[in-house]
Structures are given as C-alpha cells and as structure tokens.
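>>> Output the structure for:
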Amino acid sequence: MIPAISLSTNITVTTNITVTSTPKAHKHKRPLNSTLKSLTKAGKLDEALRVIESPPSKSVASEPDLEAYSLFLHSCISRKSLEHGQRLYLHLLLSRDKGNYDLLKNPTIKTKFITLFSVCGLIDEALGVFEDGLEHELVPESVWVAMAIGFSKNGYSKEALLIYCGMLSRLVRPGNFAFSMALKACADLCELRVGKAVHAQIIKCNEEPDQVVNNSLLRLYTECGCFDEVLRVFEEMPQQNVVSWNSLIAGFVHRKQVFESLDTFRRMQGEGIGFSWVTLTTVLPICSQLTALNSGKEIHAQIVKSTRKPDVPVLNSLVDMYAKCGATDYSRRVFDGMQSKDLTSWNTMLTGYAVNGCLQKAMEIFNELVESGIRPDAVTFIALLSGCSHAGLTGEGQRLFNEMKKNYGLSPSVEHYACLVDMLGRAGRIKEALEVVKFMPMKPIGSVWGSLLNSCRLHGNVSLGEAIAEQLFELEPNNPGNYVLLSNIYANAGMWDNVKIVRDMMERRGMTKEAGCSWVQIKNRIHTFVAGGGFEFRNSAEYKKVWSQLMDAMEEIGYVPNTGVVLHDVNEETKSIWLCGHSERLATVFSLIHSSAGVPIRITKNLRVCVDCHTWMKIVSSATGRVIVLRDTNRFHHFRGGACSCKDYW
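Purely as a prediction, here's the structure:
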C-alpha cells in the first residue's frame, strides 16, 4: 500500500472549455495516416487539419491512428498552437458523439491535450479534459501527472499536490515521474510535512529513484532549510549532476555559509562537473558578498571560454560582482558589452556607481536609462537617493525625490522616505528630517527612525536621540543595533553612567554587540580578522617590521590617534592599544605583507569604519603607494595617495 497523505482538498478552478471550429470539407485520396504524419512533420498544420476534418471516403483509410494524432498534438504543443489543438479536440468530440471510436479516452491523447492547454495558459480547459470520464475510467499515472504539471506551471502548486493526493486515493501507484512532480510542488509551497511523506513513499517504492527525483528531494530540503537532509540525500545519490551540485551550493547559501558554498563550487569544478548559468548566478553573489574579486574573475574567465552565450541574469550578476568588489571599471566594461539589457542591468550598474561614490557616473547611467525608453522603477530611485545621502548631495537628492511622482509616476515608498530622512539628517538638517517623518503618508518603520538616530549620533543630539531610541525600542525590541547607537551617543557625550545602563539593558535582554570583523582575499584564500584578535600574527616578525615602518610614516606626517572613537571608559593608553587591534588595520597589514607591490588591497568590514581607521587608511595609502578599497556596511572607501573617494563625508 502507498502511505496516505492528508491535504486540504479545495480546488477553485472552473472547468469551462471554449473551442472554436471552422471545418472545411476536403477530400484527400492518399491514405489518411501517412498524409497526416508527413504534413505534421513538415509543419503544415493547417493542411493536416483539413485532412483530419475531411469527410471519410471509401477510398481512404478512415480508422483513427493514435500515432498520427499524437504526432499532430506534439507539434501543436511545441509550437503552442492552441487553435489547431482546439479544432482537433472539437473534431474528436464530434466523432465520439456520432458513436465512433472515442480517441479522447486514450491516455496518450488525453495527456497531450492536457499539456497543450496547460502550456497555453488555459488551465480550466486542461482540467476539463482531465475530468472528462474520470469517475468511470481507470486513469493511469501519466494523465494524473500531466494535470499536476499543468497546475504547477501555471502557479497552482497546491492544486498540483491535491491532484497527486487524488491519484493516491484512486490506488494509482506513483512512479518517479509522479514523485518528482509532487516534490516540486512541496518545495514551491515549503510543505515539509507532505514532502517527507512523499520521501517515505519513494523509499518504500520498488522502483529506484532516478536523478530527477533525487534532485527534487535536494531542492525540497534546500527550500525548507533542512540542510542535514540535503547533505544526506546528496551523499547517498548514486551520481550527482550539475543540478545536484547547484542544490548543495544553494543549501550552503541558504544557511549563510558563504565560505563553504564557494569551496563547494571549487570542488564541483575540480571533479569536472562543469556548470550551468544557474550555478554562476548562485556563486557570483557569494563572490560579491565576500569581495572575492579573484574568484569572480575566474568565473568570468569561464564564461568567456564557454561555447554557450551567457544569458542576461548571469551578466547582471557579473556586473554586480565587480561593482561590489569596488572594481567599477570592470563592471562598466561588462555592462557596455551586453547585447541586451533589462531594467535590472541598468539598476545594477547605477547602484554600483552609487555605492562606490561615483554619483556623477550614476546620474549619467540614469539619463541613458531614461533616454533608452526604459522607465525607471522604485529600485532606481532608492539607489540614487542613497548615493546622494552618502555623498552629501542633499539638494540633488531632494530634486530626485520630488521628480519621482511628477515625471515618472512613482509614488515614494517608505524606503524612499527613509533615504530622504537619512539625507537630511546626515547634512545636519534634523528638524527638516523630523518634519518629513511627521507628514509621511505612511507609518514610519524602523529604518526611518534608525536613520534619525544615526543622525543624532553624527551631530551629538542626545535628547532627541533618547526620544527616537524609545520609539525604536518599541518597534524593534530585539535589534541590538539601536541599543549600540544610543550607547555611542552617550559615550560621545561622556555620559558613561548612561552607557552602562544601556549595556546592562542589552545584557538582560540577551543581546550582544556584533564584534568588528574584516576579511581579505589573497590568491584563492579568504583571510578573516576579528577586532582585538590575531595575536599570533601581531607577534610575528613580519607584522612588527611592517607595523614599525607604518608608525614611522605616521609619526613623520604628524598623525595622532583619535581615541575619542573608543567608546569605553578606559585610559588613553589603553584606547590607543585597542585602536591598533581594529580588524581593518590587521587586514591591511596582512595584505601589505602577502600581496605584490602595486596590487590594490580590497577589504570588507561587517561594521562601519571608525573615523580614526579612516584617517589611518589614508596615510597608509600615501606611505605605501597602494590603493586600498574598503567596503563597510554603508559604502565603499577608495583610498589613494592620502585621500578617500568619500571626501570624508560618509
């Protein structure tokens, strides 16, 4: 017996079949079946239909031929030729009404009609074909599966699963075809309970699961976040193909195990599996997240060497990867080389320029986008407004905000208002920012109040910061970032008792401040550094030598550590020591030791860079002649010759 699966059975799809027919009598003197097949193979569906609809002749073989009709329907499906299929369906209905052989009962023909109507988006008509005679006939698995696939491809995953359950209730034994369909529906719905029941059926089935079923199991457990099951299924598969490896990589990504996902991709390449475009659109964002430019370039080389033409999503991912690694020149080169672009392509390039502080180029892209006839969307303006905020271009940002609805018919969302509030707040126009919040057409969310709180930190407004923090503590009681911001406001004002109160509050609520962490890629390895850590490295002779040289350069320039950024009530000497252990400094020194002279240093940090490290980086870039690209949580900083691309406004 097949294990039962319980599921709510409420299908709300009507079953009206609408067909049109314009039959034309046409006598043909060649045998019907061979004529029909030859015309169908030649793609002459109109002529083939005339043969089918012609009145039977004594000199023509009139017995229906399953193979001929099946071939005709297959051609209709491949061409999505609905009209020809509808006319054949009407012809067979009329033939049945006259008492002739009912070809519509044949599972092959029935399946093909269901498929044709489904691929043409007529799910009601497909369901009508499926239900015709369902109560009185033993319908085989292929028909049930065709109907379920029809539902699934038209976005009715629950109904597809109900069809599967209905098949089981009729005691139709499922095979691999049915299993893979049911698992896909479960994955689409994140229906883990039912998916596990299907898995149990697969295990009990006499038929060994094929590659498609195993891959469907991988996708189910990946979508439902059951990574232990993903690993178990992957390891137990007789063989893995590209789809299998894609699911494993996606599983690691789902768990935010980015290093493991990149290692899995390398292992996949090492075993000669190859890749699909899906593989690359999964792995390239990992390179973006890690600022792993070397790995991204290797993938780009594989794309160039491939005999297949990359699709738009792959090239969009490539543009994004270069932009998020701070290499906007490479990003633009890929963008300009794209033969076709969608709105995502334009938004990706525009966002890349904005986060790298190239607002003029971002505006040029925006103007090109408008001139090309493509309408910008909400994402376009979020990128522009955010870029204006970090560049201090408040007037330009306000103009763009006002033009959204006026020129492009886009009503600003709460995210656009958050950008406007941030823009005004950073510029010290906090009263205006408060007015924006007061008259917003929607209720402000955490990001809006968070922008205001950050502005209070930047401009030392303690009383307003306290009031805004109260709002945030109600909206987002478990967000540690809000508590840290308030603590920083107090620390900057020297209110250490209040700092202790906030930290005690965080401790009582089980929240901790995220430790500063930076990472850098040297060759194919990602090296990670934590603030205050790296003792073995800091005690090495190489480190001490480079650090000493840097300190001499700092002293010559007259650099004095800004200990005010250390928001702890400790003495000045301790603050200076702590500054030396900031993660981005460790990553910089490590890169100076282990990379060739002249090669840009690319560092990513999980927090905002502090003012003193920002100054330190500028001096290092001048003293060493190196370009240092630092990506923090807010934006990119390109340090070159003692200056930063942000112009000290960030």
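
>>> Residue 69 - how many residues pack around it?
Residue 69: 23 surrounding residues under other C-beta atoms under 10 Å. (Each C-beta comes from the backbone N, C-alpha and C, glycine too.)

>>> I'd assumed it was in a helix, is it?
Yes - counting by DSSP: H, G, I helix; E, B strand; the rest coil, residue 69 is found in a helix.

>>> how close does it get to residue 520?
Counting by C-beta to C-beta, to the nearest Å, the separation of residue 69 from residue 520 is 65 Å.

>>> Next: residue 131.
Taking C-beta to C-beta, one finds residue 131 at 62 Å from residue 520.

>>> same question, residue 405
Taking C-beta to C-beta, one finds residue 405 at 43 Å from residue 520.

>>> So which of the two has more stuff around it?
A direct count of neighbours by other C-beta under 10 Å for residue 405 and residue 520 places residue 520 higher, at 24 against 11.

>>> Distance of that one relative to residue 148?
50 Å.

>>> so what's the residue nearest to residue 368 when sequence neighbours are not counted up against?
Leaving aside its sequence neighbours, residue 368 sits nearest to residue 346 (C-beta to C-beta, 6 or more residues apart in numbering; 7.9 Å). By C-beta atoms under 8 Å, 6 or more residues apart in numbering, the contact list for residue 346 reads 365, 368, 369, 372, 374, 376, 380.

>>> Which of those residues fall within helices?
365, 368, 369, 380 (DSSP state H).

>>> Just to check, the third one is in contact with residue 376?
Yes - A contact is recorded between residue 369 and residue 376 when judged using C-beta atoms under 8 Å, the distance being 6.1 Å.

>>> and for stretch 450-457, what are the contacting residues?
Applying C-beta under 8 Å, 6+ apart, the contact partners of stretch 450-457 are 418, 421-422, 424-426, 428, 430, 433-434, 437, 461-462, 464-465, 468-469, 472, 481-482, 485-486, 488-489, 492.

>>> residue ranges for the helices of the stretch 251-400 of the chain, please.
Ranges of helices within the stretch 251-400 of the chain are 258-270, 277-290, 293-305, 312-324, 328-337, 343-355, 359-371, 378-391, 394-408, based on DSSP state H, counting those that start in this stretch.

>>> Just give me the neighbour total for the closest residue in space to residue 643 that isn't next to it in sequence.
Leaving out its chain neighbours, the residue that sits closest to residue 643 by C-beta to C-beta, 6+ apart is residue 618, at 6.4 Å. Residue 618: 21 surrounding residues under other C-beta under 10 Å.

>>> Report the next helix or strand after the helix or strand residue 618 falls within in sequence order.
Under the criterion of DSSP states H and E, residue 618 resides in helix 611-624. Next helix or strand after helix 611-624 toward the C-terminus (DSSP H and E): strand 628-631.

>>> how about that following strand as CSV, C-alpha atoms only?
Below are the C-alpha coordinates for strand 628-631, written out as CSV (Å, rounded to 0.1, in the frame of the first residue of the first chain):
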residue,chain,number,x,y,z
ILE,A,628,43.1,50.4,-0.6
VAL,A,629,39.4,49.7,-1.3
LEU,A,630,37.5,49.3,1.9
ARG,A,631,33.8,48.2,1.9
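
>>> Give the buried residues for it.
Under the neighbour-count criterion of 16 or more other C-beta atoms under 10 Å, strand 628-631 has 628, 629, 630, 631 buried.

>>> Now do the same contact list for the first one.
Residue 628 makes contact with 588, 600, 601, 603, 617, 620, 621, 637, 638, 639, 640 under the criterion C-beta under 8 Å, 6+ apart.

>>> excluding its backbone neighbours, what's nearest residue 133?
residue 105 (6.4 Å).

>>> Distance check, residue 436 against residue 584.
34 Å.

>>> okay, those two: which has more neighbours?
Of the pair residue 436 and residue 584, residue 584 is the one with more neighbours under other C-beta under 10 Å, namely 28 against 20.

>>> need the helix or strand of the chain with the lowest average pLDDT.
helix 572-580 (a mean of 58; mean pLDDT, DSSP states H and E).

>>> which outside residues touch the helix or strand following that helix?
Using DSSP H and E, the helix or strand that follows helix 572-580 in sequence is helix 583-594. Identification of contacts with helix 583-594 by C-beta under 8 Å, 6+ apart yields 516-520, 522, 527, 529-531, 533-534, 537-538, 542-543, 546-547, 550, 579, 601, 603, 605, 609, 613, 616-617, 620, 624, 626, 628, 630.

>>> so what strands line up beside the helix or strand following helix 583-594?
Following helix 583-594 in sequence order, the next helix or strand is strand 601-605 (DSSP H and E). Taking DSSP bridges as the criterion, strand 601-605 sits next to strand 517-522 (antiparallel), strand 628-631 (parallel) in its sheet.

>>> would TSV of those strands with mean pLDDT and distance to residue 308 be doable?
Output for the strands paired with strand 601-605, formatted as TSV (pLDDT from 0 to 100; distance: least, C-beta to C-beta, whole Å):
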stretch	mean pLDDT	distance to residue 308
strand 517-522	91	28
strand 628-631	94	32
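
>>> Rebuild those as JSON lines, extending it with distance to residue 223.
Shown next, in JSON lines, are these (distance: least, C-beta to C-beta, whole Å):
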{"stretch": "strand 517-522", "distance to residue 223": "29"}
{"stretch": "strand 628-631", "distance to residue 223": "30"}
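
>>> how about these, which one is nearest residue 225?
strand 517-522 (24.4 Å; C-beta to C-beta).

>>> Can you list phi and psi of residue 525 for me?
phi -110, psi 140 (degrees, to the nearest 10).

>>> rewinding a little: output the buried residues of strand 628-631 in CSV, with distance to residue 113 appended to each entry.
Formatted as CSV, those follow (distance: C-beta to C-beta, whole Å):
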residue, distance to residue 113
628, 65
629, 59
630, 62
631, 56
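
>>> nearest to residue 203, of these?
Among these, and counting by C-beta to C-beta, the member closest to residue 203 is residue 631, at 47.0 Å.

>>> Show me the domain layout of the protein.
What automatic domain parsing lists as the domains of the chain is 375-508, 517-644.

>>> Span of the first one from start to end?
Start to finish, the residues bounding domain 375-508 are 50 Å apart (C-alpha to C-alpha, to the nearest Å).
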